[in-house]
Structures are given as structure tokens and as C-alpha cells.
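**Student:** Let me see the structure of the following:
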Amino acid sequence: MIDTLRGLITQVDPEAEETMAYGMLGYPGLASLAAQKGYVALYVDPEVLSRFGEQLRAIDHGRSCLRFRWPDQIPIETVRAMLTARLQKSRGLAPVEA
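**Tutor:** Numbering: from 1, shown residues only. Below is the predicted model of the structure:
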């Protein structure tokens, strides 16, 4: 699952720098990933995540994270659009519509 999410991140930003902080993989200005006991969490800016709330209604999520227990739970296109919106926000570009 982490590989799927890492792949989406590098598709959105091929130049994304991968860091490690607080036990999580980080991609500054984009997202963070954490492997927990029962799920993988994708952390994104809460403002961006809230814009995709309707599309993510069926996914276990918090204010700033999405939690995936199984790879087939990942809504690939929605996550890609959300990461693109986050990247554009970090670069000061016009937002992508959800």
C-alpha cells in the first residue's frame, strides 16, 4: 500500500524529495505517509482534504489524514487530484477543483 501511495506522490511531483521525520515518510509541501499496525495513513493539508470530503466520504479519515486498511480502498484518481491540489497550493498556483 505504501508503494501505491508513494507512486501517486511521485507521479504528481516527480521531483518530490523524500524525507523521514517523526517515523513517517515526508514529502515537503505535499504529503506524509505513516504505516500503522492496522492501516497506512496519508497526511495532507486539512484545507485541501476538506475540499475532497464528498468524494472521500466512504474512506476512514480524520481532519488531515486518510486511513487505508487494504490497497483496493485507495481511490486512485481522487488521491491523485488531492495531491495535485496540495502541490498547487504549496506553489501558490490556482486551486484544482475537487
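
**Student:** C-alpha only now, for contacts and for neighbours.
**Tutor:** Fine.

**Student:** Am I right that Ala34 sits in a strand?
**Tutor:** Yes. Assessed with DSSP: H, G, I helix; E, B strand; the rest coil, Ala34 lies in a strand.

**Student:** what's the distance between it and Met1?
**Tutor:** 11 Å (CA to CA, to the nearest Å).

**Student:** before we move on, what about Arg51?
**Tutor:** Counting by CA to CA - Arg51 and Met1 are separated by 24 Å.

**Student:** burial of the closest residue to Gly38 other than its chain neighbours, as a residue count?
**Tutor:** In this structure, Gly38 finds its nearest non-sequential neighbour in Arg69, 6.3 Å apart by CA to CA, 6 or more residues apart in numbering. When neighbours are counted by other CA atoms under 10 Å, Arg69 registers 16.

**Student:** Now for Arg69: which residues touch it?
**Tutor:** Gly38, Tyr39, Val40 (CA atoms under 8 Å, 6 or more residues apart in numbering).

**Student:** And the pLDDT at the last one?
**Tutor:** Read it as Val40. With respect to pLDDT, Val40 scores 96.

**Student:** hang on, the earlier thing: overlap of the contact sets of Ala34 and Met1?
**Tutor:** Going by CA under 8 Å, 6+ apart, residues that sit against Ala34 and also against Met1 are Val40.

**Student:** can you pull out the helices in this protein?
**Tutor:** Here the chain has its helices, by DSSP state H, at 2-12, 46-51, 76-90.

**Student:** Go through the ones you listed and pick out the most buried.
**Tutor:** helix 76-90 (a mean of 19; mean count of other CA atoms under 10 Å).

**Student:** Return the list of helices and strands in contact with it.
**Tutor:** Where contact means 3 or more CA pairs under 8 Å, 6 or more residues apart in numbering; DSSP states H and E, helix 76-90 is packed against helix 2-12, helix 46-51.
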